[in-house]
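**Student:** Have a look at this prediction, sequence included:
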Amino acid sequence: MMSILEIRHLRTLLALAETGSVSLAASRLFLTQSALSHQLKQLEQGYGMSLFERKTQPLRFTAAGERLLTLAHDLNARVAAAERDLARLRQGEAGELRVAVECHTCFDWLMPAMDAFRQHWPGVELDIVSGFHTDPVSLLLSHRADLAIVSEAETQAGVDFQPLFAYEMVGIVARDHPLAHKRCWLAEDFADETLIHYPVPDEMLDLVRKVLRPAGINPARRSSELTIAIIQLVASRRGVAALPYWAVKPYLERGYVVARPIGERGLSSELYAAVRSDDGGLAYMQDFLATVREQSFATLPGLTPLGATN
């Protein structure tokens, strides 16, 4: 009997399991919500049974759906392994991949991705370029790095930018601070506060660049290198801060601080991988980017996909 299952169906199931909703899964797969719903309807009609309990939040799989999800996990891993094997046959197994970063919180998700990548490509020498870099793209062009994690995709000769993901920045404040009672924060809410941030130029602070500067607001400042130090200062009412939601979520769950959206629509930041144009087609480079996206979407809350830039 001809199977109605296709690999795209299995990847849809994986996206549903990771996001917990049809709308978020559709965004992850770059599909419309109606197109994804049509896929699911086809499967359910073909098998004559429901795969999900649709009125639950997050979406819950039925026994039939769980069986297909198990298959999806198994088959997706096998397909990825087979494609890596073919890439090694075509391009070889050895190489060098030095990663430079410009964000202080990148290591939270970068290290697990690097560990997973090493298992796939043991012959590739993978390393992080030491130190924090305000211009990591220059390291690519001088061949001191092979990949740079950056927050903006600025057109530059000889460099390609690959989208990783977008994420929400939230304002954090002590539990007993007056701003803790506001539904969301606007630019003027920062005017009389001390803004605690990483010691980087204002151009690298999305809160300043996208929210405060356009409103003509320049609050008092204080900086710290460490995320936990910023959170401790905020919890002690030394100031307020804006950090990625996924970076502060563990501290929110413990009740150390309170988080609020910045602006009526929230403040979104983006991350891209910059690579030399000549290296973009390397199989291990593409697999590293795929691994970063896969690991990040599977483990970090509140991510959204980014469209291609090149």
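**Tutor:** Cool, the structure landed. Numbers count the residues shown, from 1 in each chain.

**Student:** immediately after the one helix or strand Phe161 maps to, which helix or strand?
**Tutor:** Assigned by DSSP states H and E, Phe161 belongs to strand 159-173. Following strand 159-173 in sequence order, the next helix or strand is strand 194-197 (DSSP H and E).

**Student:** Can you tell me what sits against the very next helix or strand once past that next one?
**Tutor:** Helices and strands here follow DSSP H and E; after strand 194-197, the next one along the chain is helix 206. With contacts defined as CB atoms under 8 Å, 6 or more residues apart in numbering, helix 206 is touched by Ser151, Met169, Ala242, Leu267, Ser269. Yep, even glycine has a C-beta here, placed from its N, CA and C like the rest.

**Student:** 6 Å - rerun?
**Tutor:** Helix 206 is contacted from outside by Ser269, using CB atoms under 6 Å, 6 or more residues apart in numbering.

**Student:** Give the rounded mean pLDDT of that helix.
**Tutor:** Helix 206 shows a mean pLDDT of 93.

**Student:** what do you get for stretch 35-55?
**Tutor:** For stretch 35-55, the mean per-residue pLDDT is 89.

**Student:** now stretch 289-309
**Tutor:** Mean predicted lDDT for stretch 289-309 stands at 83.

**Student:** Pull out the buried positions in that stretch.
**Tutor:** Judged by neighbour count (16 or more other CB atoms under 10 Å), stretch 289-309 contains these buried residues: 289-297, 300, 302-303, 306.

**Student:** From those, which land in helices?
**Tutor:** With helices taken from DSSP state H, the overlap with those comprises Leu289, Ala290, Thr291, Val292, Arg293, Glu294, Gln295, Ser296, Phe297.

**Student:** ok, and for stretch 71-87, which residues are buried?
**Tutor:** Buried positions in stretch 71-87, judged by neighbour count with 16+ other CB under 10 Å: Ala72, Asn76, Arg84, Ala87.

**Student:** re earlier: can you add distance to Pro201 and give the ones in helices among the buried residues of stretch 289-309 back as TSV?
**Tutor:** Formatted as TSV, these follow (distance: CB to CB, whole Å):
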residue	distance to Pro201
Leu289	27
Ala290	31
Thr291	30
Val292	25
Arg293	28
Glu294	32
Gln295	29
Ser296	25
Phe297	29
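
**Student:** so what secondary structure elements neighbour the strand holding Phe161?
**Tutor:** strand 241-244, helix 245-253, strand 258-261, strand 267-276 (3 or more CB pairs under 6 Å, 6 or more residues apart in numbering; DSSP states H and E).

**Student:** No further questions, thank you.
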